[in-house]
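Asks: here you go, sequence then predicted model.
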Amino acid sequence: MTVTSLANLAVKVADLDAALAYYRSAGAEIRDRMPWHGGERADVYLGPVMITLFTRALYEDAVDLPDDCFLHPALFTDDLDAEIEGHTVLWGPAEVSGSFGRRRIVFVEAPGNIRLEFMEQLPDADGSDDTGNADDAGTP
């Protein structure tokens, strides 16, 4: 397996404003609220843990989901194509971009009626990663 780290835990919420108010009252830092593929998303930082809240999952047309639920852990990998071998792909691979930079992502089925998201960080057009650091060697 080429998983290198946990990016975030994804949760679907029907009322993003109420969910953000809850996490703010728990001391969380909220960042990067934005429109997202027919819905909205926002990142919630609780210490070292990032929870990304979505009002609509990218793969929602492929999987029946309730309005509020745990969606998936998002896992960074250094080789997305190798990582998805042998998995049942629900959505992707596709490229997405946002405040986090550019990523290639895919969602696969996993035990426990959840999904796994595998993501590979891509360099921006200027050769930098999502932190803005230039990559002179051509690799992340």
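Replies: On my side now, so go ahead.
Asks: for D15, give its distance to T77.
Replies: 32 Å (CB to CB, to the nearest Å). Glycine gets a C-beta too; all of them are placed from N, C-alpha and C.
Asks: the two: who's more crowded?
Replies: T77 (20 against 12; other CB atoms under 10 Å).
Asks: quick one: the more buried one from V106, how far?
Replies: Relative to V106, and taking CB to CB, T77 is found at 9 Å.
Asks: what is the burial count for L90?
Replies: Neighbour count of L90, defined by other CB under 10 Å: 20.
Asks: hang on, I meant Y23
Replies: Other residues close to Y23 by other CB under 10 Å number 17.
Asks: equivalent analysis for the one 3 residues further on, please.
Replies: Other residues within reach of A26 by the criterion other CB under 10 Å amount to 9.
Asks: with V44 instead?
Replies: Applying other CB under 10 Å, we find 24 residues neighbouring V44.
Asks: put the alpha carbons of the longest helix anywhere in the chain into CSV.
Replies: Criterion DSSP state H: the longest helix present in the chain is helix 16-25. Output in CSV follows, covering the C-alpha atoms of helix 16-25 (Å, rounded to 0.1, in the frame of the first residue of the first chain):
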residue,chain,number,x,y,z
LEU,A,16,-23.5,23.5,7.2
ASP,A,17,-24.1,26.7,9.2
ALA,A,18,-25.3,24.8,12.2
ALA,A,19,-22.4,22.3,12.0
LEU,A,20,-19.9,25.1,11.8
ALA,A,21,-21.4,26.9,14.8
TYR,A,22,-21.2,23.6,16.8
TYR,A,23,-17.5,23.1,16.0
ARG,A,24,-16.7,26.8,16.6
SER,A,25,-18.3,26.5,20.1
